[in-house]
Every structure is written in C-alpha cells, then in structure tokens.
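# sequence plus predicted model, see below.
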Amino acid sequence: MKRILTFILLVFSITGVYAKHLTEQEVMERVLQYMNSGKAVNGRMLAPARKGSIKLSSVPVEADRIYAFNMENGGFIVASADSRTLPVLGYSTTGSIDWDNMPDNMREWLKSYDEAIATLGDRTDFVDGNSTDETGTRQDRTPVEPLIKTHWDQDAPY
C-alpha cells in the first residue's frame, strides 16, 4: 500500500513540475510588462501605447488557461495563463470584455484558445511563445491592424 501511495504522490509531483499555469497576478505582471515594452516591428507598435500607468481589472471567464482584463480608460486584453505561450493573445484599445454578454462566437473562439493551450501538454521547449530549442526559428509577427474601421450605428438586431 505504501508503494502505491508513494507512486501516486510521485506522479502528482512530477506533473506539477511540467505545469506552467500562472496565477492571475503573474499574468497581470506579464501583460503590463508587454504593454510597457515598446516593442515594434517594421515601425509599428505591437502593443498599444498608453501614457502613464495602465490599470487592469480582472474579468471572470469560463476558461482555465486564459485571463481577461479590462483597461481603466477603455479597451481590454486577453492573456494566456501559460508561461510557454505569448503573454498577450489579443487586445482592443476600445470597449470592454464581459464573458456573460459577449457574442457566442467570440466566447467559443476564446474557449478554443483555452483548448489550444491545453494541447501543449508537458512540452517544456517554449517560453513566452519562443522556442528554447536553438534549431527552432520563428519570424517576427506583423501586428494586425483593425480590419473594420467604419463605425456605423449597429443597434439591434445587428
């Protein structure tokens, strides 16, 4: 019986070593570091430039591997709770995010992020979305500008 109990404890402790799940506070710190990094590709900012400090408030989501935050002066951020992925999965400089009042397709899209992160399993060869393997290379990503720039009156039923 002791051997079985020891084996079970060993299995749980080993799986804990591979777990890369971050706390909400750790994710918030990664997000703030990313937002204040000033990284640019081809002269374009990867993160929105904000003057002063950014204040984030957590938004409850029905996913274990992502967090969502609303920014104090408008906008929101969807962030990964896994240290192996990019810190920020998506953001908006306007509006806010509310899990209970978002369109079903967006909710399912965010759940698909959660499922995709789960597929990483026990891999340990990525940190912040970058391969730690010297042979692995990835090109810099070009930021995607807003696709729709028109703001029509989109009241119900649209």
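That came in fine, so what should we check first?

# could you look up the SS state of A68?
The three-state label for A68, taken from DSSP: H, G, I helix; E, B strand; the rest coil, comes out as strand.

# who's in contact with it?
58-59, 61, 76-79, 97, 99, 110 (CB atoms under 8 Å, 6 or more residues apart in numbering). Glycine gets a C-beta too; all of them are placed from N, C-alpha and C.

# before we move on, what about L56?
By CB under 8 Å, 6+ apart, the neighbours of L56 are 28, 31-32, 69-72, 77.

# so what's the residue count around R65?
Using other CB atoms under 10 Å, R65 has 20 other residues around it.

# what's the span of stretch 87-106 from first residue to last?
19 Å (CA to CA, to the nearest Å).

# quick one: which of the contacts of A68 is nearest to H151?
Nearest to H151 among those, counting by CB to CB, is F76 at 17.4 Å.

# pLDDT score for the closest residue to F69 other than its chain neighbours?
Sequence neighbours aside, L56 is the residue nearest to F69 in space, at 4.0 Å (criterion: CB to CB, 6 or more residues apart in numbering). Per-residue pLDDT puts L56 at 89.
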